[in-house]
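[1] Sequence plus predicted model, see below.
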Amino acid sequence: MSHRHPASPIPIPSDLHIHPGPALLSGIDQGSSLEAHRAQYGPMPKLHLDELADRIERLRLRGRGGAAFPFAIKLRTAAEGRKPVVVVNLSEGEPASGKDSSLVMTRPHLILDGAVITARALKAIEIHLVLPGDRPSVGAAMHRALAERHDKIRIHTHEAEPRFVAGQAQAVLQLIAGKPNLPVTAWQPEAVSGHRGRPTLLSNAETWAQVARVALEGEAAYRRLGTAEEPGTTLMTVTTGPVPDVIEVSFGTPLKDVLPTTVHGRPVLLGGFHGSWAPWSTVANTIVSVDGMKAQGTPLGAGIVVSVQDCPVSFTTRIVDYLAGQSARRCGPCFNGLPALASALRGVSLGGGDLARVEQLSEIVVRRGACAHPDGTVRLVQSLLAGFGDELDSHAAGFCTHRAARAVRTEEAS
């Protein structure tokens, strides 16, 4: 039996506009070498576990992979077990994200310093780096950086499969154990029982780079940016055209200031393919904040912002079609539910489909998968249902107001 594997509506970026920033991306014009890195940050300090964890806790540093889980809790949990393992997840399976790739290209030694400093504090004897299989320039850049270093710790590299779910935590653990790079059901957090049953501290590139800043520059420097409640910065991938922009943004910045004025007024997809749609009225009053954006129902997630000229119904349909083909196909919600949801939404988008069927399938699929892939997909669909009811009704009746408006503009221009 063959399965459809539609292409992503946003291709994996082969090029990125990486903007200099106030912290992680400061000084990137000096190059990515170890020499330039040490000239800017100095040697790695040796921090006791409690000192490192206390700093991170006071600064409320949370994971930048999307879940925003407090890093200090994961660190202390991993420290309670025997022979902990450190994993740097660089796989970045989300096509609309480019921030981890940007850090590897410009700041690889900041990522590695964060992992090595933490591994030493944990007394871990090995670090695993998971590189993206569909971004060869990223893997090459990290291998160049590793060749410059002489850390007295074993560092293993692995290449993830070019699949959306390959970067999910359990899929990563399967990969480094030599098994298929697909999610499996987990009964305990990886910080309790991860790689081969050992406590595993797993985070993405930006998180490790933020940890390095805390260790290398100290709390006072870290607090100079952001707000009192949310110190520091976050990286955001902003797609408004063919080449995404990677921008470092201080917490507390108005979201509209992150976007070019050419897209002001348009709805925006926040959080990527597992994110949610926000109308411009919401975007215009949103502050970049993990807590604030979560409270208003548009989580920051992995810091992805997409603004396209395409119809939101058509664009979402293409995303869901892509996501349905990217699942592990190991449990019912992914094997049957997502393809059915994609088909139902496609029917509405093309005209004549049953909108009630889309709503019904969304309720059936959610919270029943072995991983969060079905839930993330449903989150996107439900935000479309909540924000674009009139447009969905028009599509179901066989009419796209967006396409009609574009045709009028084209005719007027000619």
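    Alright, I've got the coordinates.
[2] which ones are touching residue 284?
    By CB atoms under 8 Å, 6 or more residues apart in numbering, residue 284 lies in contact with 256, 264. Just so you know, the C-beta spots here come from the backbone N, C-alpha and C atoms, and that holds for glycine as well.
[3] does residue 158 sit in a helix or strand, and which one?
    Using DSSP states H and E, residue 158 maps to strand 154-159.
[4] Grab the CA positions of that strand and hand them over as PDB.
    The C-alpha trace of strand 154-159 is given here as PDB (Å, rounded to 0.1, in the frame of the first residue of the first chain):
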ATOM      1  CA  ARG A 154      33.100  11.900  24.400                       C
ATOM      2  CA  ILE A 155      31.000  13.600  21.700                       C
ATOM      3  CA  HIS A 156      29.000  11.400  19.400                       C
ATOM      4  CA  THR A 157      27.200  12.700  16.300                       C
ATOM      5  CA  HIS A 158      24.000  11.300  14.700                       C
ATOM      6  CA  GLU A 159      22.000  12.300  11.600                       C
END
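[5] how long is stretch 236-247 end to end?
    End-to-end distance for stretch 236-247, by CA to CA, to the nearest Å: 5 Å.
[6] quick one on the thing from earlier: contacts for whichever helix or strand comes after the strand holding residue 158, please.
    Next in sequence after strand 154-159, counting helices and strands by DSSP H and E, comes helix 169-176. Residues from elsewhere that reach helix 169-176 (CB under 8 Å, 6+ apart): 87, 89, 91, 128, 130, 156, 158, 160-161, 165-166, 180-186, 190, 194-195, 200, 202, 328, 371.
[7] got it, and stretch 207-222?
    With CB under 8 Å, 6+ apart as the test, stretch 207-222 has contacts from 23-24, 41-42, 44-45, 47, 52, 55-56, 58-59, 61, 63-65, 71, 88, 103, 107, 110-115, 117-118, 203, 231-232.
[8] Just the buried ones out of the residues you listed, please.
    23-24, 41, 44, 47, 52, 55-56, 59, 61, 63-65, 71, 88, 103, 107, 110-115, 117-118, 203, 231-232 (16 or more other CB atoms under 10 Å).
[9] in the stretch 101-250 of the chain, which spans are helices?
    For the stretch 101-250 of the chain, applying DSSP state H, counting those that start in this stretch gives helices covering 108-122, 136-148, 169-176, 205-223.
[10] so where is the protein shaky, pLDDT-wise?
    For the chain, the stretches flagged by pLDDT under 70 are 1-4, 369-370, 404-414.
[11] Outline the domain layout of it.
    According to automatic domain parsing, the chain comprises the domains 17-223, 312-413.
[12] Switch those over to TSV; also include distance to residue 245.
    Formatted as TSV, the domains of the chain follow (distance: least, CB to CB, whole Å):
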stretch	distance to residue 245
domain 17-223	4
domain 312-413	19
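[13] And those domains: which comes nearest residue 263?
    With distances scored as CB to CB, the stretch of these nearest to residue 263 is domain 312-413 (13.3 Å).
[14] now the closest one, how far from the centre of its chain.
    Distance, stretch centre to chain centre, for domain 312-413: 21 Å (CA atoms, centre = their mean, to the nearest Å).
[15] neighbouring contacts of stretch 223-230?
    22-23, 59-60, 231-233, 250-252, 289-291.
[16] Now with 10 Å, please.
    For stretch 223-230, contacts defined as CB atoms under 10 Å, 6 or more residues apart in numbering pick out 21-23, 58-62, 217, 231-234, 248-253, 287-292.
[17] Now, of those, which are buried?
    Buried by 16+ other CB under 10 Å: 21, 23, 59-62, 231-234, 248-253, 287-292, out of these.
[18] From residue 215, how far off is residue 221?
    The gap separating residue 221 from residue 215 is 11 Å, by CB to CB, to the nearest Å.
[19] Oops, could you answer that again for residue 164 instead?
    Between residue 164 and residue 215 the distance, using CB to CB, works out to 32 Å.
[20] Over to residue 223?
    Distance from residue 223 to residue 215, by CB to CB: 15 Å.
[21] which ones are touching residue 26?
    Applying CB under 10 Å, 6+ apart, we find residue 26 in contact with 20, 40, 107, 233, 248.
[22] Between all of those, which two are separated the most?
    Within the contacts of residue 26, 40 and 233 form the most distant pair, 16.2 Å apart (CB to CB).
[23] that older thread, sort out for me which of the contacts of residue 26 are in strands.
    Residues of those located in strands (DSSP state E): 233, 248.
[24] Including distance to residue 142, could the contacts of residue 26 go into CSV?
    Output for those, formatted as CSV (distance: CB to CB, whole Å):
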residue, distance to residue 142
20, 21
40, 19
107, 11
233, 22
248, 20
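[25] Of the contacts of residue 26, which is the nearest to residue 266?
    For the contacts of residue 26, the closest approach to residue 266 (CB to CB) belongs to residue 248, at 23.3 Å.
[26] ok, that closest one touching residue 18?
    Yes. With contact defined as CB atoms under 10 Å, residue 248 counts as touching residue 18 (9.4 Å).
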